[in-house]
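Undergrad: what follows is a predicted protein model with its sequence.
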Amino acid sequence: MATVRVQAADFDIGAEIAAVSAGRADIGGIGCFVGTVRGEAGGRAITAMTLEHYPGMTERAMARIAAAAERRWSLLGCTLVHRVGRLGPGGNIVLVVAAASHRQAALEATGFLIDWLKTRAPFWKKEFFADGGSAWVEGRAEDEDLAARWAGEEGQGAALDPQGGGGPLDPVP
Amino acid sequence: MATVRVQAADFDIGAEIAAVSAGRADIGGIGCFVGTVRGEAGGRAITAMTLEHYPGMTERAMARIAAAAERRWSLLGCTLVHRVGRLGPGGNIVLVVAAASHRQAALEATGFLIDWLKTRAPFWKKEFFADGGSAWVEGRAEDEDLAARWAGEEGQGAALDPQGGGGPLDPVP
Amino acid sequence: MPAPPPGPGTLRLRYFAWLRERLGTAAEDVALPDGVATVGDLLAWLRGRSEPHAAAFSAAARVRCAVNQDFAAPDTPVAAGDEVAFFPPVTGG
Amino acid sequence: MPAPPPGPGTLRLRYFAWLRERLGTAAEDVALPDGVATVGDLLAWLRGRSEPHAAAFSAAARVRCAVNQDFAAPDTPVAAGDEVAFFPPVTGG
């Protein structure tokens, strides 16, 4: 039931929400999150960002994340759209929509979806600075902590291996 | 900075989000919630809902709720739109948008805003049923509990008296 | 169009939702009754006004109040010129 | 257009983000090395291939792996025909 897309083009937030709710009257609340490109990082101005991904695995991981949310919250609608390629400051990166009969489920699922997208789907950001430099964005421990909030509810048996997005690959002796 | 509106007309979700983010590159995340009319309540089919409000006090209360969110989360954008009058099943009731430099603030503020709107702004819903009956919607204890989650953070000194939306007016001896 | 302010020595009372329906009126101006200094006092006075008033205001746990468009408590002061509203717990959102 | 599957007896290796840049390649097919049965074995073998490989894979805490497009751990088995990808911790969203 979920809609999952990876695309270079921008997305239309209103249209995506309308697609989830069109023609139905069982939805009571729709949660939505849009992630956008900030114009600076660590005090350096950003001119652009590129988003690389792992075609095939990306769609798989996104579908699993959506399915995990649908299982936990009985969602009536769920949309994940993630852009790839070159994006400018202020540009849209990612859209999450979750609809449910009540608001608490819709909002919790929205938070879950973006937390897991950030830590369990194979995307990588590279920032290009106004000073001419560039750097791959480092994963934030804070994002791992936010994603881990949800893991406890299903334990280690979740469809997505918590090790996968999170745990380091231990040095081989 | 916040946008607060009470209106009979429907709202355009995409346009409201675009208005918050237009021309700026300091936003990293935008949270959004849309409340919609469900087609049934307590197993009875609903043909319509009317929303009554307290003109003057409503805008005051909404502005205070927005200001409370802006204080707590340093929001970069905040929009509250609430409809009044007659609404059909599937129709939009309320829109909340909160933008911040990071997603956690945007999503938390979105949850806070809808929780407080539901319990601290003077709106009343009346449902009209397919069987010909009608009834005023009763306040849910669950909504009070959700709203009260946030009160602890600012204690009793919050701009909005927690007693106001929540506590019963005690019987006079 | 806001209504004109209440005259001297009077309170503007407003009712919403089922309180409005039960009392059959959305607003009325009343002379500030003797001995009424708080929302609690006013509530006791309202209950004594008529059978419909007594019935509507009996379930105090289901009635909220605002004085001059701020949520109020039983000990909130009321004075001539005030707008005092009674209504059920809010159910918007 | 997906690439054709790796030939018999070979692994398809894929690299993303700074691992791709450091190694100067996005994908390569290699014969399954003797004694390599897990991701951990493969990582040890990759480190021994060249200086750039040793450098890229030395910071194991900053490298993640997927086998056949599922996140993997050091003890995840690898076999001929598998697609094994190495990349930094993901940073989308």
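TA: On my side now, so go ahead.
Undergrad: how about stretch A:31-42: buried residues?
TA: Applying a neighbour-count criterion of 16 or more other C-beta atoms under 10 Å in any protein chain shown, one finds A:31-39, A:41 buried in stretch A:31-42. In this view, the C-beta of every residue, glycine as well, is placed from N, C-alpha and C.
Undergrad: now do the residue lying closest to A:A63 once chain neighbours are set aside, the pLDDT please.
TA: Spatial nearest neighbour of A:A63, excluding adjacent residues (C-beta to C-beta, 6 or more residues apart in numbering or on different chains): A:V4 at 5.2 Å. In this model, A:V4 is scored at 98, pLDDT.
Undergrad: quick one, phi/psi of C:V30?
TA: When read as degrees, to the nearest 10, the backbone of C:V30 gives phi -130, psi 150.
Undergrad: what does chain A have sitting close to chain C?
TA: Those residues of chain A that sit near chain C, judged by C-beta under 8 Å from any C-beta of the partner chain, are A:R103.
Undergrad: in chain A, which residue is most central in space?
TA: Nearest to the mean C-alpha position of chain A, by C-alpha atoms, centre = their mean, lies A:L117 at 3.3 Å.
Undergrad: so that one makes contact with A:V96?
TA: Yes. Assessed by C-beta atoms under 8 Å, A:L117 is found in contact with A:V96 at 7.0 Å.
Undergrad: hang on, the earlier thing: in the helix or strand containing the residue nearest to A:A63, which residues are buried?
TA: Per DSSP states H and E, A:V4 falls inside strand A:3-7. For strand A:3-7, the neighbour count (16+ other C-beta under 10 Å) marks A:3-4, A:6 as buried.
Undergrad: what of stretch A:49-57?
TA: A:49, A:51-54, A:57.
Undergrad: strands - which of the buried residues of stretch A:31-42 land there?
TA: Among the buried residues of stretch A:31-42, DSSP state E puts A:31-36, A:41 in strands.
Undergrad: helix, strand, or coil at the nearest residue to A:G39 once chain neighbours are set aside?
TA: Closest residue to A:G39 apart from its sequence neighbours, by C-beta to C-beta, 6+ apart: B:A25 at 3.2 Å. Look at B:A25: counting by DSSP: H, G, I helix; E, B strand; the rest coil, its state is coil.
Undergrad: for B:A25, what are its contacts?
TA: A:37-40, A:89-90 (C-beta atoms under 8 Å, 6 or more residues apart in numbering or on different chains).
Undergrad: avg pLDDT for whichever strand or helix holds A:E52?
TA: In this structure, A:E52 sits in strand A:44-53 according to DSSP H and E. Per-residue pLDDT over strand A:44-53 has a mean of 97.
Undergrad: and the helix or strand just after that strand, how far from the chain's centre?
TA: Tracing the chain past strand A:44-53, the next element assigned as helix or strand by DSSP H and E is helix A:57-73. Centre-to-centre, helix A:57-73 and its host chain are 10 Å apart (C-alpha atoms, centre = their mean, to the nearest Å).
Undergrad: and whichever helix or strand comes after helix A:57-73 with chain D, contact?
TA: Scanning forward in sequence from helix A:57-73 by DSSP H and E, the next helix or strand is strand A:77-83. Yes. Strand A:77-83 comes into contact with chain D (C-beta under 8 Å from any C-beta), by way of A:H82.
Undergrad: what's the angle between strand A:77-83 and strand A:3-7?
TA: 10 degrees (axes from the mean of the first three to the mean of the last three C-alpha atoms, to 10 degrees).
Undergrad: now strand A:77-83 against strand A:44-53, angle please.
TA: Using the same axes, to 10 degrees: strand A:77-83 against strand A:44-53 is 110 degrees.
Undergrad: strands paired with strand A:77-83, and their directions?
TA: According to DSSP bridges, strand A:77-83 forms sheet pairs with strand A:3-7 (parallel), strand A:92-100 (antiparallel).
Undergrad: quick check: mean pLDDT across that strand?
TA: The model assigns strand A:77-83 a mean pLDDT of 98.
Undergrad: which elements pack onto the least confident helix or strand in chain C by mean pLDDT?
TA: Least confident helix or strand of chain C, by mean pLDDT, DSSP states H and E, is helix C:51-58 with a mean of 89. Applying 3 or more C-beta pairs under 8 Å, 6 or more residues apart in numbering or on different chains; DSSP states H and E, we find helix C:51-58 packed against helix C:17-23, helix C:39-47.
Undergrad: returning to that earlier point: out of the contacts of B:A25, what pair is the most spread apart?
TA: For those, the farthest-apart pair by C-beta to C-beta is A:E40 and A:G90; their separation is 11.7 Å.
Undergrad: returning to that earlier point: and the residue nearest to the centre of chain A, what does it touch?
TA: A:L117 neighbours (C-beta under 8 Å, 6+ apart): A:62, A:65, A:80, A:82, A:94, A:96, D:92-93.
Undergrad: out of those residues, which is nearest to chain C?
TA: Checking the contacts of A:L117 against chain C with C-beta to the nearest C-beta, the nearest one is A:V96 at 21.2 Å.
Undergrad: list the contacts for that closest one?
TA: Counted by C-beta under 8 Å, 6+ apart, A:V96 has contacts A:31-34, A:79-80, A:110, A:113-114, A:117.
Undergrad: name the nearest of the residues you listed relative to A:I17.
TA: A:C32 (6.2 Å).
Undergrad: in contact with the closest one, which residues?
TA: Here A:C32 is in contact with A:13, A:17, A:95-98, A:110, B:13, B:31-34 (criterion: C-beta under 8 Å, 6+ apart).
Undergrad: tell me how far the closest residue to chain D within chain C lies from C:L11.
TA: The minimum distance from chain C to chain D, using C-beta to the nearest C-beta, falls at C:G93 (28.1 Å). The gap separating C:G93 from C:L11 is 30 Å, by C-beta to C-beta, to the nearest Å.
Undergrad: the more surrounded of those two?
TA: Set C:G93 next to C:L11 and count neighbours by other C-beta atoms under 10 Å in any protein chain shown: C:G93 wins out with 24 against 21.
Undergrad: now whichever residue of chain C sits closest to chain A. Nearest residue, chain neighbours left out?
TA: Among all residues of chain C, C:G93 sits closest to chain A, at 7.8 Å; criterion: C-beta to the nearest C-beta. Leaving out its chain neighbours, the residue that sits closest to C:G93 by C-beta to C-beta, 6+ apart is B:K118, at 3.3 Å.
Undergrad: now the phi/psi pair for the one you found, please.
TA: Main-chain dihedrals, B:K118, degrees, to the nearest 10: phi -70, psi -20.
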